[in-house]
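In: I would like to see how this sequence folds:
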Amino acid sequence: MANHKIKSRIKVRKGDYSRVLITETQPYELPLQISNDGFYEIVNKRSVSGFDPILGLLIDKIVFIDETKELFKETVRSAAVPFSYKINKGADDYRRLSLMHQRSQWRVARFYEEYADLILDYCAESPASIRAPSKIAGSFYVKKGAAAYFYDLKDSEKRQSSDDEHAAQRCSSFFSYRGVDRLYKFFLSREYLLLEKKFRVLRTLDVSKCFDSIYTHSISWAVKDKQISKENTARYAFGGNFDELMQGANHQETNGILIGPELSRIFAEVLLQKVDLLVIRELSQSSRFGGQGLAYGKDYIFKRYVDDIFVFANTQDVAKFVCDVVSEKLLGFNLHVNKHKSLVFERPFVTTKSKVINSAKRLSDRFFEKLCRIDDENLVPVKIYNTWAVSRDFIEQVKGLCAENQISYDEVSGFLTAYLTERVKRTVLSEPSELPGNEAEYCDFLSVMMEVMVFLYQVAPSVSSSYKLSTSMILIIRFSKNKLPDCYGFMSQKIFELMHEALESLSAKDAPGVKRFLHLEAVNLLLASRELPPPYEVSSEVLKDIFNIDTGMSYFDIVSFLFYARDDRKYKLLRNQVIKYTNDYLSEQKDACTDSEISHLLFDMLCCPYVSVALRAKWLRRFCKSTDVGRQSVVDSEKSINYVDAHGLYFHCNWSELNLLLSLEKKELKRVY
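Out: Residues are numbered from 1 along each chain as shown. Have a look, this model is predicted:
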């Protein structure tokens, strides 16, 4: 059996609440090299004997608080300001995401330590939820076939952390979840078919701008009906502390919660489970239909996936009444249904989306039947006589599918890119028996894969597709280098040309005038291209455009540019310009104790090996003074920076991370639901 089918179980320590920092506090949509892995390690190491004292004091001032004070409460003056940024959402819209200050993130870890069991209790109440935390995760699985590519491939990637830290950094979630991890899986499930057999009508509801509309105080309303006494202090304090935690992370804002962190989805889940229960109770007491009330599971059922609601009933009247009650109960929590997104179906329950995806899957299956044969469960490419003709034929079929159903590429490109990426993985992670005599077939097959995926990416770019395409790109480059030496040069040139073409196309779709816009689709593709050998590097002009170097850089722009440019002489002038901009920016009167962008930029730049020790030590002295750590000498501050370099410390940007597949594999496990 091919080893890509074999999975390995890796255990994590349930009592390690610091791993909350890795999985629960950052948005999914981040540049490839950004994570909280280094922050997690530093939190665990800062109290260890030998940790640099100056750096330790600065971290204490910025991240940790006096625990004699109220743990989850901030004052207006000390409340953290999250770093908010925007990414593309479809062709003409943007999504605003927020990166919490590290102090807020640490508070989240402490909150989980205090209330994890209660979170699970409050998320176990509704029979309607099909995506909710069910227990603290104690293990996760990785495919053994991926190990050679995803883990410990190079000596430079072997960290000094313990086995527990290695495991925690690979884990994708603090909790295990019941239900489905993707909405489309619900529509493919046996449960959905049983619901269709039982009920004739399906209505869909969507909560409009759910996270933006949530009032943080409403969490207390959601949990107050519990039989809570003051003697049961944990339950009594849960709602108020959760409220204060969310406010403190968002500059004491009570209207709306941060979009991006898993924490926010859990906050919403607790709230929406309360709405579910109120709906079920109201319907059971209704006299609208014969005075008996409507029984959940008998007269109707509704299922909720975060803020998407699906109502099943046997008559339109009952279905509409259930929807009306849902809308009413949501309104009690300042939440509204988006009527423009509500749909009504009678059996068969077939949406345009599901129809198109099924057609796209059949189209893709036929495509691969022509390109590959199965050898002991491995995908083995067959001879392709004209790679461009094969690519063009598939693309034309996708065009026809979209035209026939009057939909845009956006409706199918994500599915197709994911499908193609899985086939690339399956091909390169297997161990084909006849590879030595079959190099040309592999080269042509992988060339077709890249041609098609880049086309789909250009016509419908998305952040999730950028992770898929980056994964395929790196795997193909690495596979060519290790297994197809005669094809390596051709494949590198092919990928570079396609990538460069995609970057130019993405630049043309820029967002002028949109503040704090992060061109994440382009950034991720660019960072992944660093896997290519040295001749294949983009021009300084491309970098200036993608990273907003002449128009005002953000934290992500600065660290992503430096990660790409490294110490390459080709980018010396541009690198000096970016470092000067960073120095000027950090020289302004900014408060690292409350400003998330400043604290993230400061900590990452203190660890950046492409900035001189002297300049980094200057930044360290400046912020030690402004945070009341105290004045530091030049000698002592430079000693601290040398300590950082000697121990390979980093906070969020892993400057020495050469295997971005590690980050991509975690992204795969942690996709937004």
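In: got a list of contacts for stretch 210-226?
Out: Applying Cβ atoms under 8 Å, 6 or more residues apart in numbering, the contact partners of stretch 210-226 are 122, 207, 235, 238-240, 242-243, 246-247, 253-259, 264, 267-268, 270-271, 273-274, 306-307, 333-336. Placement of C-beta: from N, CA and C, glycine included.
In: Just the buried residues of it, please?
Out: The neighbour-count check on stretch 210-226 (16 or more other Cβ atoms under 10 Å) flags 210, 211, 213, 214, 215, 216, 218, 219, 222, 223, 226 as buried.
In: do the same with stretch 336-356
Out: Going by neighbour count (16+ other Cβ under 10 Å), the buried part of stretch 336-356 is 337, 345, 349, 356.
In: could you say what helices and strands the helix or strand where residue 419 lies packs with?
Out: For residue 419, the host element (DSSP states H and E) is helix 410-428. Packing partners of helix 410-428 (3 or more Cβ pairs under 8 Å, 6 or more residues apart in numbering; DSSP states H and E): helix 352-371, strand 378-381, helix 387-405, helix 439-459, helix 463-483.
In: Please identify which of those is closest to residue 502.
Out: helix 439-459 (5.3 Å; Cβ to Cβ).
In: roughly how far is the closest one from the heart of the chain?
Out: How far helix 439-459 lies from its chain's middle: 26 Å, per Cα atoms, centre = their mean, to the nearest Å.
In: Report the buried residues of it.
Out: Here helix 439-459 shows 441-459 as buried, counting by 16+ other Cβ under 10 Å.
In: would you put the C-alpha positions of it in CSV?
Out: Presented in CSV, the C-alpha positions along helix 439-459 are these (Å, rounded to 0.1, in the frame of the first residue of the first chain):
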residue,chain,number,x,y,z
GLU,A,439,10.9,10.9,-15.8
ALA,A,440,9.5,12.6,-18.9
GLU,A,441,5.9,11.5,-18.1
TYR,A,442,6.2,12.9,-14.5
CYS,A,443,7.7,16.2,-15.9
ASP,A,444,4.9,16.6,-18.4
PHE,A,445,2.2,15.7,-15.9
LEU,A,446,3.5,18.2,-13.3
SER,A,447,3.8,20.9,-16.0
VAL,A,448,0.1,20.4,-16.9
MET,A,449,-0.8,20.7,-13.2
MET,A,450,1.0,24.0,-12.8
GLU,A,451,-0.4,25.4,-16.0
VAL,A,452,-4.0,24.7,-15.0
MET,A,453,-3.7,25.7,-11.4
VAL,A,454,-2.0,29.1,-12.2
PHE,A,455,-4.8,29.8,-14.8
LEU,A,456,-7.5,29.1,-12.1
TYR,A,457,-5.6,31.3,-9.7
GLN,A,458,-5.3,34.2,-12.0
VAL,A,459,-9.0,34.2,-13.0
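In: Report all helices and strands that that helix contacts.
Out: Judged by 3+ Cβ pairs under 8 Å, 6+ apart, helix 439-459 is in contact with strand 378-381, helix 387-405, helix 410-428, helix 463-483, helix 485-508.
In: Just name the most buried of these.
Out: Ranked by mean neighbour count, these are led by helix 463-483 with a mean of 23 (mean count of other Cβ atoms under 10 Å).
In: what is the rounded mean pLDDT of that helix?
Out: On average, the pLDDT along helix 463-483 is 93.
In: starting at the chain centroid, how far to it?
Out: Centre-to-centre, helix 463-483 and its host chain are 18 Å apart (Cα atoms, centre = their mean).
In: Could you list every helix and strand in contact with that helix?
Out: helix 410-428, helix 439-459, helix 485-508, helix 520-528, helix 661-669.
In: Among the helices and strands packed on helix 439-459, which comes closest to residue 653?
Out: So among the helices and strands packed on helix 439-459, helix 463-483 is nearest, using Cβ to Cβ, at 16.7 Å.
In: CA atoms only for the closest one - export them in CSV, please.
Out: Provided in CSV are the C-alpha atoms of helix 463-483 (Å, rounded to 0.1, in the frame of the first residue of the first chain):
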residue,chain,number,x,y,z
VAL,A,463,-6.2,33.3,0.0
SER,A,464,-7.1,29.7,0.5
SER,A,465,-6.1,28.9,-3.1
SER,A,466,-2.8,30.7,-2.5
TYR,A,467,-2.0,28.1,0.2
LYS,A,468,-2.9,25.3,-2.2
LEU,A,469,-0.9,26.6,-5.1
SER,A,470,2.1,27.4,-2.9
THR,A,471,1.9,23.8,-1.6
SER,A,472,1.9,22.3,-5.1
MET,A,473,4.6,24.7,-6.2
ILE,A,474,7.0,23.8,-3.4
LEU,A,475,6.3,20.0,-3.7
ILE,A,476,6.8,20.0,-7.4
ILE,A,477,10.1,22.0,-7.2
ARG,A,478,11.4,19.7,-4.4
PHE,A,479,10.3,16.5,-6.2
SER,A,480,11.9,17.6,-9.4
LYS,A,481,15.1,18.4,-7.6
ASN,A,482,15.3,15.1,-5.8
LYS,A,483,13.7,12.7,-8.2
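In: Can you check what angle separates it from helix 439-459?
Out: Per axes from the mean of the first three to the mean of the last three Cα atoms, to 10 degrees, the angle that helix 463-483 makes with helix 439-459 is 160 degrees.
In: Begin at 581 from now on, thanks
Out: That works, and once the first residue is 581, the last one we named lands at helix 1043-1063.
In: Next, the angle from helix 1043-1063 to helix 990-1008.
Out: Using the same axes, to 10 degrees: helix 1043-1063 against helix 990-1008 is 20 degrees.
In: okay, how far is it across stretch 1166-1175, tip to tip?
Out: The first residue of stretch 1166-1175 is 12 Å away from its last residue (Cα to Cα, to the nearest Å).
In: Residue 786 and residue 932, how far apart?
Out: For residue 786, the distance to residue 932 equals 16 Å [Cβ to Cβ, to the nearest Å].
In: again, but for residue 695
Out: Distance from residue 695 to residue 932, by Cβ to Cβ: 42 Å.
In: which residues in the stretch 1081-1230 of the chain form helices?
Out: Using DSSP state H, counting those that start in this stretch, the helices found in the stretch 1081-1230 of the chain span residues 1100-1108, 1120-1126, 1135-1145, 1152-1167, 1176-1186, 1193-1206, 1214-1226.
In: Output the ones you listed in JSON lines; the columns should cover mean neighbour count.
Out: Output for the helices of the stretch 1081-1230 of the chain, formatted as JSON lines (neighbours: other Cβ atoms under 10 Å):
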{"stretch": "helix 1100-1108", "mean neighbour count": "25"}
{"stretch": "helix 1120-1126", "mean neighbour count": "18"}
{"stretch": "helix 1135-1145", "mean neighbour count": "24"}
{"stretch": "helix 1152-1167", "mean neighbour count": "16"}
{"stretch": "helix 1176-1186", "mean neighbour count": "24"}
{"stretch": "helix 1193-1206", "mean neighbour count": "19"}
{"stretch": "helix 1214-1226", "mean neighbour count": "16"}
